[in-house]
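> Any chance you could fold what I've pasted below:
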Amino acid sequence: MLLQESIQAYHDLLTDELAGESQAQLDGQLRRRGLFFGDRPLCTVLRPRFITADQYRFLQDRCRVVLRAFARAYHAALTDRAIRGQFGLLDWEEELVQHDPGFRDPSPTSRLDAFLSEQGELRFTEYNAETPAAAAYADVLAEVFYGLPVMREFLRRYEVRPLPARHGVLHALLDAYRQWAGRGEAPRIAILDWREVPTYSEFVLFDEYFRSQGLECTIADPREVEYRHGRLVIGDFPITLIYKRVLISELIDREGLDHPVVRAVRDGAVCMVNPFRCKILHKKASLAVLSDERNAGLFSAEERQAIDAHIPWTRRVEERRTLYRGQTVDLVPFILEGREQFVLKSNDEYGGRGIMLGWQADAASWERTVQRALTEPAVVQERVTLPSEPYPSMVDGRVQFIDRMMDIDPFITHGAYVEGCITRLSTAALMNVTAGGGSTVTTFLVERR
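Residues are numbered from 1 along each chain as shown. Down below sits the predicted model:
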């Protein structure tokens, strides 16, 4: 197999000497380019993720169908309050999603989080439809890996191609802005989030990229913006397009519905991507809406087939009867009894927070969390098999190959198209860099020369 052969060929090149030289260059590039998550290096391994062109086409095709199903669920939620109720929106979110953002897509830029095995099994476990991170990280990590000494040797036998993502984010932003503005003038962009967040280094990369494309840009903390005389500003910089990286829930919790950004967006004084309506699909319950048998009539036969194949069984935690593998079950007793097969997830958390892995929890903790989920919106999801591969890293001056579990997270533009992807690695089952573990690597297509 090409994939196994190329991975082995890469590993065979990594003598302690060449690995040490490559590690030193990697460390230097991470520092120079600011590739840190808070104070931790973004990447701690010496190999990128390799996938084949066939795997990437398969991922693109499957994403296309599943995203079409998400779009159907979204449009049904806009017009049917009963369906919208399945998403578990809070009262203030119900109020904000009524606002028409002035462009078609609720999430012009998004990211699916998935697991893809070499055998072709694909499972989508979350849809980050609000503030997808790491597109700039992926592109810059690709440049870094291209320059490593070990890659110079590897490229004598294999070709690798990056899967760029920043341009997709830019085009999605500009497309939404032109729909909103109704004219072709260039936007003045503010990348909006709290200054202390660990992803701030990526905002710097996006700021540099947007400026390289001839756009005016600034990084703005929500606490520093003002809405005066019909314009949203930070200092003397008038903002016409917000690249929103701050979570809406954090913005409202900290600053309230009267915040200048909220007022400016609702008044139509500024374009914000992603808009308030992204909250509908961003909820963890969006996967429950897709996989729940009571919603089967929303989807085409092709979409239902894709949902069955690629969306793990997911349900809102509530007192009800439902189907599991064709059998009717009483949901709460069923998940209490089968905790080793399930994951509990808060409906609107991020960074690995609000997640309990049933097989790592004791029965009492699991029962308490299930009972809490009956009053605080949460979903239960069937456990998925996590693929793994060996990845090299330097330990005490020697190269070591350690099996790491890995996901694959395609970046989505316009709610429909895959534009690159990032891979996260971990030795723990909870794969999230924000939660404090793991490593991020760029993803390359590989083929023989």
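
> Could you report the distance from the residue lying closest to N128 once chain neighbours are set aside to F124?
Spatial nearest neighbour of N128, excluding adjacent residues (Cβ to Cβ, 6 or more residues apart in numbering): R111 at 4.5 Å. (C-beta placed from N, C-alpha, C; glycine too.) Going from R111 to F124 by Cβ to Cβ, to the nearest Å gives 11 Å.

> same deal with Y177?
Distance of Y177 to F124, given as Cβ to Cβ: 29 Å.

> List the neighbouring strands of the lowest-mean-pLDDT helix or strand in the chain plus their orientation.
Across the helices and strands of the chain, mean pLDDT, DSSP states H and E gives its lowest value to strand 36-37, namely a mean of 87. Here strand 36-37 is paired, per DSSP bridges, with strand 40-41 (antiparallel).

> partner strands of the following helix or strand past the partner strand, parallel or antiparallel?
With elements assigned by DSSP states H and E, the helix or strand that comes after strand 40-41 is strand 49-51. Take DSSP bridges as the rule and strand 49-51 pairs in its sheet with strand 439-448 (parallel).

> Leaving out chain neighbours, which residue sits closest to A363?
R339 (6.9 Å).

> Got the confidence number for the one you found?
The model reports R339 with a pLDDT of 95.

> Make 34 the starting number, not 1.
With the count now opening at 34, the last piece we talked about shows up as R372.

> ok now do it, which residues does it touch?
Going by Cβ atoms under 8 Å, 6 or more residues apart in numbering, R372 touches 391-392, 394, 396, 399.

> cool, and Q58?
180-182.

> top of those by neighbour count?
In terms of neighbours by other Cβ atoms under 10 Å, these top out with L181 at 22 neighbours.

> now the end-to-end length of stretch 375-388.
Start-to-end span of stretch 375-388 (Cα to Cα, to the nearest Å) is 11 Å.

> before we move on, the earlier item: to which secondary structure element is the residue nearest to N161 assigned?
strand 142-149.

> Hmm, D381 is touching L314, no?
No: under the criterion of Cβ atoms under 8 Å, D381 makes no contact with L314, lying 11.7 Å away.

> More neighbours: these two, which one.
A side-by-side neighbour count of D381 and L314, using other Cβ under 10 Å, places L314 first with 27 against 23.

> and V479, how far is that from R261?
Counting by Cβ to Cβ - V479 and R261 are separated by 53 Å.

> My error: substitute G289 in the last question.
18 Å.

> Not counting its own residues, what contacts stretch 95-108?
By Cβ under 8 Å, 6+ apart, stretch 95-108 touches 116, 139, 145, 155, 157, 160, 162, 310, 313-314, 319, 322-323, 328, 331-333, 335-336, 339-340, 342-344, 443, 445, 448-451.
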